[in-house]
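Engineer: Dropping a prediction and its sequence here:
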Amino acid sequence: MSTVNKNPLATVVKRILDFVRVLALVALILWPLSAIAMTIGQSSHPETWGVDISVFSSFDIDLSKYPAGRTQPDGIRDPKIGGKAMLDIDTSSSSAFYVFALMTEIGGLVGFYLLLQIRAVFASLAEGKNFESQNSARIKKIGYIAIGWALVSPLLQYFGGRAILREYSLELPGIVLNPAFELNGGSIFIGLVLIVLSGVLNEAASINESHQLTI
């Protein structure tokens, strides 16, 4: 009968992930409660209430809308500047804050589930179970979730950003803000790599199980 060699490094990582898991769970519980508490404060102090939120947006700046003496776009053939950026807004709109809070909570739940899967993998490694079919299944789940979140997150960015920007009226000449999204190709690639890797680990687990049976 073969002895199982425990992995001390994996044990250390598992303990760190246990600590992070507790912090993440507390944050997921407290965040919606704090969001409700903060919006309750708006009703009592509407003139001074405000909270910082972030929204992914595209922006277009037309320098030709400004007086020539104030803007000098030398070296620029087209006086229009555009791009995408994460905008920080000090909002006084409870609706915009609720949309931001919901998007943050959804992202936190997805991240928490991934954390649980990764923690389960390291718990198995800490026990010396390097080749286990359950680890292969967990890694495949992580890969699928990484791909799924990379596809769903841009939709949340766009529609959430549109709901937030709808609460504002930016009356500045030449400046236009629109909702935007950005597809994370790196997450999709990593997800595909993990799915392929899970298949290899599953084959290794099958070979290891056959070897254990012959012994």
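Structural biologist: All right, it came through fine. Small disclaimer: the values here were computed from a predicted structure and weren't measured.

Engineer: Just give the nearest non-adjacent residue to residue 53, would you?
Structural biologist: The shortest distance from residue 53 to any non-neighbouring residue, by C-beta to C-beta, 6 or more residues apart in numbering, is to residue 100 (4.1 Å). From N, CA and C alone the C-beta is placed, and that goes for glycine too.

Engineer: What residues of the helix or strand harbouring the one you found count as buried?
Structural biologist: Using DSSP states H and E, residue 100 sits in helix 94-126. Within helix 94-126, the residues scored as buried using 16 or more other C-beta atoms under 10 Å are 94, 96-101, 103-104, 108, 110, 116-126.

Engineer: Over to stretch 179-196?
Structural biologist: 179, 180, 181, 187, 188, 190, 191, 194, 195.

Engineer: Report the separation between residue 122 and residue 195.
Structural biologist: In this structure, residue 122 and residue 195 are 19 Å apart, going by C-beta to C-beta, to the nearest Å.

Engineer: Tell me where this structure has strands.
Structural biologist: 51-62, 80-91, 175-179 (DSSP state E).

Engineer: deepest of the ones you listed, which one?
Structural biologist: Among the strands of the chain, the stretch with the highest mean neighbour count (mean count of other C-beta atoms under 10 Å) is strand 51-62, at a mean of 17.

Engineer: okay, residue 194: pLDDT?
Structural biologist: Note on residue 194: pLDDT of 94.

Engineer: Rebuild the strands of the chain as JSON lines, extending it with distance to residue 20 and mean pLDDT.
Structural biologist: Shown next, in JSON lines, are the strands of the chain (distance: least, C-beta to C-beta, whole Å; pLDDT from 0 to 100):
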{"stretch": "strand 51-62", "distance to residue 20": "23", "mean pLDDT": "86"}
{"stretch": "strand 80-91", "distance to residue 20": "24", "mean pLDDT": "85"}
{"stretch": "strand 175-179", "distance to residue 20": "32", "mean pLDDT": "86"}
